[in-house]
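Novice: structure for this input, please:
(3 chains)
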Amino acid sequence: MSDTIGKKMYALAGRMFPICRSITGDGFRKSLKILCEEVPEIKTYEVPSGTTVFDWTVPKEWNIRGGGIYRLNDEKVIDFNDSNLHIVGYSLPINEIVSREELLEHIYTQPNQPDFIPYVTSFYKARWGFCMSDNQKKSLSDDNYKVIIDSDFKEGSLTYGELIIPGESKDEILITSYLCHPSMANNELSGPVVLVELMKYVKTLRNRRYTYRFVINPETIGSLTYISRNLETLRKNVKAGFVLSCVGDDRTYSYIESKYADTLSDRVIQNVLKFHYPGYKRYSFLKRGSDERQYNSAGVNLPVCGFCRSKYEEYPEYHTSADNMKLISPQGLQGAYDVMKKVIDTLENNYCFKMTCMGEPQLGKRGLYPTVSQKGTYSSVKAMTNFIAYADGTHDLIDISNIINVPSDELFPFVEVLLKYELITR
Amino acid sequence: MSDTIGKKMYALAGRMFPICRSITGDGFRKSLKILCEEVPEIKTYEVPSGTTVFDWTVPKEWNIRGGGIYRLNDEKVIDFNDSNLHIVGYSLPINEIVSREELLEHIYTQPNQPDFIPYVTSFYKARWGFCMSDNQKKSLSDDNYKVIIDSDFKEGSLTYGELIIPGESKDEILITSYLCHPSMANNELSGPVVLVELMKYVKTLRNRRYTYRFVINPETIGSLTYISRNLETLRKNVKAGFVLSCVGDDRTYSYIESKYADTLSDRVIQNVLKFHYPGYKRYSFLKRGSDERQYNSAGVNLPVCGFCRSKYEEYPEYHTSADNMKLISPQGLQGAYDVMKKVIDTLENNYCFKMTCMGEPQLGKRGLYPTVSQKGTYSSVKAMTNFIAYADGTHDLIDISNIINVPSDELFPFVEVLLKYELITR
Amino acid sequence: MSDTIGKKMYALAGRMFPICRSITGDGFRKSLKILCEEVPEIKTYEVPSGTTVFDWTVPKEWNIRGGGIYRLNDEKVIDFNDSNLHIVGYSLPINEIVSREELLEHIYTQPNQPDFIPYVTSFYKARWGFCMSDNQKKSLSDDNYKVIIDSDFKEGSLTYGELIIPGESKDEILITSYLCHPSMANNELSGPVVLVELMKYVKTLRNRRYTYRFVINPETIGSLTYISRNLETLRKNVKAGFVLSCVGDDRTYSYIESKYADTLSDRVIQNVLKFHYPGYKRYSFLKRGSDERQYNSAGVNLPVCGFCRSKYEEYPEYHTSADNMKLISPQGLQGAYDVMKKVIDTLENNYCFKMTCMGEPQLGKRGLYPTVSQKGTYSSVKAMTNFIAYADGTHDLIDISNIINVPSDELFPFVEVLLKYELITR
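Specialist: I've put the predicted structure just below:
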């Protein structure tokens, strides 16, 4: 397939990359506004700090302007302007001279990846801290350092975006991603940029069957907030849902099962991946890690699974400074977009079709079957006759695709011609 | 087992072999009449040309008297009298001199089997044609040839035979084969001759439980016709059904699953084959090709599967002149007959038996259990005690056979003795 | 684990070893009385000879005082006082001089284990007989021998013991063993001594959920008798049951499935064994051999499976004089006791827990979750968050243990803390 859309997505991610996002604050808002430039219909919501969200509370809004560690002669050790990963997310403000011993207690590194700056946060406990490469940490030899974090906390709000594109049915497909990570590319700018292009694709669908609900929020507290404000509607309408995360690299495709791996979401994405990307990786729900945690939680139980290329937690660059624009590519983003497009197309066509005639129809008189009967002449029509045999109203298109071992999208033309001849109903 | 019946079947197939059959016409009638000599109770039905049969129409009746290709000096190239496969089934009549170029457009060969004449038909599109070996085709070098096909089409009828042998129950076992192929032996004279002997066997059964419905028709249009005239009865009564096809060679045994492989037909034939012919081949419904297509079609959904020795489409001689009387044998026919006989016996005995006593019965006082207890003395009675344990009214004999891993027919004597002592009911 | 209890069980088995037990008579009573010394609450029942028990009849009571084979000069060949296995169980009394030929017809040996005396009985057919090693039999060369069996049959009774320990619920766990074998250690003194210690353990359980029903009877006729007198209660109340047999050696652990392997008994013991003793052996119900036969019989259908270390019929010493006190050990008995203790603990905790909050709870604020988020920091809480995700009221603790692959007893602390914070209900 072409990577035209992939290039657009890559450029958009590049534009958003430098912004320092967190679960609240101006970085998130600025990033969401860029997405709204792409799809102006996205609605933005603000939920005040202190709002009770199930067992949680929306935290204070955190903003950061700069900071770093400096030698007493003002020589820079690390600085926020070089990488916004250097400051622990939700750090308290500080401006002090501290001893090396005290400083070391506030420094986080990834010792098994000594060249990378790790991504560390402390959303729910007040502390300050810095992140740096383990190698750099080893070079700290001064007795005292100046440490500055120019951050503040205020009674503000948590921000999220939502786009609902109505279809013929109130039944909904939920597609969601999150936007709370600072400068990392695969996790997480890949998810939002693919989400935006899927919004555009869904808008182009004629006779759209499903209503599509796109949501973009900060991870965990954001999805909890979103669910708590929409639970009854989600429960009533959502038939399938997908969390997009880490969908920009060129390695594999991955799917994380819903809690019992038995939902329409699981069925459709398994069907698409097994035919088109047979080397894909399938992860149990025990390996979940993103917002599918909340959607599948014990009280919520929505049919949501996860979709990644290289799955979060599994690729070496995950949650470090190495997850940068070089890790993702136009082709990687395009591939993920193409999978989700096939998922949407399959869902739109996934009816329990039923033949209107008894016995096999006489395909020959409609030019759909060889008129000379000789052994070996039927293989060309096997897929269609198999579809016809199983179109008995008891199994949907995904089931039939699996049974007859033909990709769903190769069945779409059969559906079209059989509908034309009024040989099936749906 | 003896092959006495196999020899009778082989002789009957040999008598019918020379007749040129098609889906309608005198060849079919003449062949069916020979079967009626064996079992006079078979009823013959005629369905007029033009009758609507679901999505189909009964075609005009086609009869052929002769024909061939000749050099202009009347020297024979091929002639219907040498092999009735030489004329494409349902060919239009012709009597002309045609150029080699035109002739070649009407000649069918099997290039990957250059010595065999293929079997070709054109039932639903008017054309004329000849079949010959690919080698012979290559030797055609004259500029012009005389081509003669002495056939005609008329408003006639489609013929089929039916025998219903009533049992204690209205529940039915359907056994069917077809009789529309010209001079080929395995496909298809083997099916009809086994069918006839099974009719004779069922007639001998005392206290017959099931009603047996035997049907013999032209393939596809014939089974469609039969189903369309009997659909409600078939739906109400048929509990299991089998299409016999290619049951005369000595190679393997094959079974073609019903659409979802979950019917009593599947269960009984799997059970018989796995214990008695463990090397048998099991084919998915996706490999169907005979009248099980119609019985399992989306609107019809009857519990019918297929039974073959070497399966149609899978053996090299299929649908060619090499499918002759040398391909089938008395032993081959006898083997298929024996399988179907076991199938019938198992169905007749397949009750959900239920023990009448609580706890294990005291088999010792009835002479059915060792009276000295020492380790190693129980293996002889293990099959019976296992049958007794599972005879709890929840599983039928086939299930129990599968669970305790003892062939169904080895359970029949236990049933008999336990019924005698009134230790089980059914 | 400690083997303190193992040592007590071993000593108790040693005390009972010399007694000659049978399915009725004073040996059984004397042995049961010793068990009652350990747990005085055990109730003893006597069921008169001649009582109809389903398809069976309680036999006459058999007692034996001595006997043997002697040369005519009174030199001992074998004597009951050396091994009570020498006399066939339920032998008729005799005091005669018989020819070598006649004697040989009454001698039982185990030719494939020529040094062992086999254990042989003839409960339901009147005969007399002796057991000896096959090697000793070969040395019999005199023409005549004196044979003495000082036994008698009388209208007496069959004895069994029962202890019911009530819990909060009327739902019952049945644990049973049997006590009818003469001097053999693994089969069967191991079962009764483990049973007695389990009674003591259950008495210590605070807030006992289940009612526990312990039964000790002669095998087969005893369990039939017990079931016939308690069938309705057992059917109404028993949720899981275990037959303990051969639970004293040091080799493996074994479990015999219930009839369809689908009961709570199967689920709990599979769960315990697979995590704690992954090399355990699982036997199909087709390999049953003890009182699970009666509990699972067609009319009774109780959810009972078997538990052994080396399974009866499978270990070489089974039912011979080699099944002596050297075959069992304190550690062997302790291991079986520990399995059954885990089974009881798991059953007591096996609720369908349900989270009270929507979404994941905020574990961090309760000190149950890391407050710094960095990759690699979550593995320590993975088991708890997985438990929480599946605690949705649809699956019990055993199911969740299997799904998340964490032993049931490692989930107990999570249950405790989540109950404390009112985050789950049961």
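Novice: can we go C-alpha only for contacts and neighbour counts from here?
Specialist: Will do.
Novice: any idea how far chain B is from the closest residue to A:Phe116 other than its chain neighbours?
Specialist: Leaving aside its sequence neighbours, A:Phe116 sits nearest to A:Ser133 (Cα to Cα, 6 or more residues apart in numbering or on different chains; 5.0 Å). The gap separating A:Ser133 from chain B is 59 Å, by Cα to the nearest Cα, to the nearest Å.
Novice: isn't A:Ser133 up against A:Asp115?
Specialist: Yes: assessed by Cα atoms under 8 Å, A:Ser133 is found in contact with A:Asp115 at 5.1 Å.
Novice: more neighbours, these two?
Specialist: Shown here are A:Ser133 and A:Asp115; by other Cα atoms under 10 Å in any protein chain shown, A:Ser133 has more neighbours (21 against 17).
Novice: now the helices for the stretch 201-350 of chain A?
Specialist: A:221-237, A:264-276, A:292-295, A:330-348 (DSSP state H, counting those that start in this stretch).
Novice: quick one: contacts for A:Cys131?
Specialist: Applying Cα atoms under 8 Å, 6 or more residues apart in numbering or on different chains to A:Cys131 gives the contacts A:Leu85, A:His86, A:Ile87, A:Val88, A:Ile107, A:Tyr108, A:Thr109, A:Ile117, A:Pro118, A:Tyr119, A:Val120.
Novice: quickly list what the residue minimising distance to the centre of chain A is bridged to.
Specialist: The centroid of chain A falls nearest to A:Leu244 when counting by Cα atoms, centre = their mean (1.2 Å). Beta-bridge partners for A:Leu244, by DSSP bridges, are A:Phe307.
Novice: for chain B, what are the nearby residues on the stretch 251-400 of chain A?
Specialist: A:354-362, A:364-365, A:371-375, A:386, A:388-392 (Cα under 8 Å from any Cα of the partner chain).
Novice: pLDDT on stretch A:72-84, on average?
Specialist: Averaged across stretch A:72-84, pLDDT comes to 97.
Novice: what lies in contact with that stretch?
Specialist: Contacts for stretch A:72-84 (Cα under 8 Å, 6+ apart): A:20, A:66-71, A:86-87, A:132, A:144-146, A:182-183.
Novice: over to stretch A:188-208?
Specialist: Contacts for stretch A:188-208 (Cα under 8 Å, 6+ apart): A:5, A:9-10, A:12-13, A:16-17, A:35, A:38-39, A:165-168, A:175-181, A:212, A:214, A:216, A:244-248, A:328, A:333, A:336-337, A:340-341, A:348.
Novice: what comes up buried for it?
Specialist: A:188-199, A:202, A:208 (16 or more other Cα atoms under 10 Å in any protein chain shown).
Novice: now, among those, which is nearest to chain B?
Specialist: A:Arg208 (27.9 Å; Cα to the nearest Cα).
Novice: so A:Tyr145, which of the three states?
Specialist: Three-state call for A:Tyr145 (DSSP: H, G, I helix; E, B strand; the rest coil): strand.
Novice: which residues touch A:Ile404?
Specialist: A:Ala383, A:Asn386, A:Phe387, B:Leu286.
Novice: how many other residues sit next to the first one?
Specialist: When counting by other Cα under 10 Å, one arrives at 19 neighbours for A:Ala383.
Novice: any idea which element it lies in?
Specialist: helix A:382-390 (DSSP states H and E).
Novice: quick one: contacts of stretch A:19-28?
Specialist: A:30-31, A:60-63, A:84, A:89-90, A:156-159, A:179-183, A:218-219, A:221-222.
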